[in-house]
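Enquirer: predicted model follows, preceded by the sequence.
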Amino acid sequence: MDADNRGWLRCVLGGAVFAVCMAGTTLPTPLYSLYQEKFGFSELTVTVVYAVYAFGVIGMLLLAGNASDTVGRRPVLLWGLGFAAASAVCFLCATGLGWLYAGRLLSGLSAGLFTGAATAYVMDLAPAGGASRATFVATAANMGGLGCGPLLAGVLAQYAPWPLYLPFAVHLALVACSAAVVVWLPETVRERSPLSAVRPSRPALPPQVRTVFTPAAIASFVGFALFGVFTSVSPAFLAESLDVHDHAVSGLIVALAFFASTAGQLAVPRVGVGRSLPVGCATLLAGLALLAGALRWDLLPLVVLSAVVGGAGQGLAFRGALSAVAAASPADRRAAVISALFVVAYGGISVPVIGVGVLTGPLGLEGAGLVFIACMALLVSIAAAYLLRRPVPARP
């Protein structure tokens, strides 16, 4: 096997490990209704449980977002897989709401370690000259893994026994296989320091990254906010308003949004990095409009279309943002800069999600969703106008 093929094999294996980790973060999505029946909590609690994950991600990114630049990629990924395994164990042992909070927090810590480190690792493993394809592998692994989580859990919950246990047992086995892969893959950080050298850091950007980072961060925030609310409340909307109680269908619709995101990312080379951000924002706006129609008229086809269109818009905007930021970052700061981008992005799936949960009580699920859509539509419109006035440089 020549060096290029060996490099791409390693790159793809790194992406597969990334996907396994991220699948665990969305695995509970179609199961929340079962947990509500078992433990008797409200829709607000569902959104808080979901948001705990985002807080875990942000906290870990701030505490150790640059850890893989210091101690190496592999140790950080193995710690991330350890947190993922601990999260699965919490859900397997869940006898009350506290276990769900603990499981989601550990899942967030795992994702916080993985987002910057695994993205940088996949790009490091690619052969020379393969940065654009490696960026796609990393972002596709991220979003594809997020999509596989609810799909796997939904199918197992609907058609297999032990719906609240089997999905997490399967994921635990996949995590063990992923750890073996990481041990086999080579380390890509040449000058490493001991763990004691890792220091908490606030998001800080090298001067050459700042002009690119602002529009990239705006687009990422909007896209992740849409995903956050769609993922946390769409199963409840499907059950309450559309009488869809099939967990596999619920999981598939959520998965469609993430798979559409992967398709949107694949289109970025054709659209161009510079144009993908404003085009992604415009597509996100169309997805929000479709979701508003679905909420207003209780139409399942519009829910499916909003998942596909909104997901594609998020993919265009997110890969464009990641490509622009990664290209502008110095090699020794790449993981830290990528982690800073994810801090902003995951901010989008915490505050808006809790806001929808709070509004569900007085306004109902439909009213809370429409308020969210109006706010996000305003924000994405401002972001698109900003990007048209100050476009991201069209660097690969």
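Expert: Ah, there it is.
Enquirer: which stretches of the stretch 251-396 of the chain have low pLDDT?
Expert: Applying pLDDT under 70 to the stretch 251-396 of the chain picks out residues 335, 392-396.
Enquirer: let's see it at 50
Expert: Scanning the stretch 251-396 of the chain for pLDDT under 50 picks out 396.
Enquirer: show me the contacts for the residue lying closest to residue 365 once chain neighbours are set aside.
Expert: Computed as CB to CB, 6 or more residues apart in numbering, the closest residue to residue 365 that is not its neighbour in sequence is residue 237, at 5.6 Å. In this view, the C-beta of every residue, glycine as well, is placed from N, C-alpha and C. Under the criterion of CB atoms under 8 Å, 6 or more residues apart in numbering, the contact list for residue 237 reads 295, 303, 365, 366, 369.
Enquirer: make a PyMOL selection of the buried ones in these.
Expert: To isolate the buried ones among the contacts of residue 237 in PyMOL, judged by 16 or more other CB atoms under 10 Å, type:
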select buried, resi 295+303+365+366+369
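Enquirer: does residue 3 touch residue 127 like I think?
Expert: Yes - between residue 3 and residue 127 a contact is recorded at 6.6 Å, counting by CB atoms under 8 Å.
Enquirer: more neighbours: which of those two?
Expert: Between residue 3 and residue 127, counted using other CB atoms under 10 Å, the more crowded position is residue 127 (17 against 9).
Enquirer: so the more buried one: helix, strand or coil?
Expert: What DSSP: H, G, I helix; E, B strand; the rest coil gives for residue 127 is coil.
Enquirer: touching stretch 71-82 from outside, list them.
Expert: With CB under 8 Å, 6+ apart, stretch 71-82 has contacts from 17, 21, 64, 67-68, 109-111, 113-114, 117-118, 120-121, 124, 175, 178-179, 182-183, 185, 187-189, 192-195, 197-198.
Enquirer: what does stretch 353-361 give?
Expert: In contact with stretch 353-361 (CB under 8 Å, 6+ apart) are residues 42-48, 50-51, 54, 228-229, 232-233, 367-369, 371-372.
Enquirer: with stretch 364-380 instead?
Expert: By CB under 8 Å, 6+ apart, stretch 364-380 touches 43, 218, 221-222, 225-226, 229, 233, 236-237, 240-241, 281, 284-285, 288-289, 291-292, 295-296, 352, 355-360, 363.
Enquirer: of the contacts of residue 237, which is the nearest to residue 333?
Expert: The closest of the contacts of residue 237 to residue 333 turns out to be residue 369 (CB to CB; 39.0 Å).
Enquirer: okay, and that closest one sits in which element?
Expert: helix 351-389 (DSSP states H and E).
Enquirer: same thing with residue 279?
Expert: According to DSSP H and E, residue 279 maps onto helix 273-297.
Enquirer: and that helix, what's buried?
Expert: Buried, per 16+ other CB under 10 Å, within helix 273-297: 273-285, 287-295.
Enquirer: swap in stretch 234-250?
Expert: Going by neighbour count (16+ other CB under 10 Å), the buried part of stretch 234-250 is 234-241, 244, 247-250.
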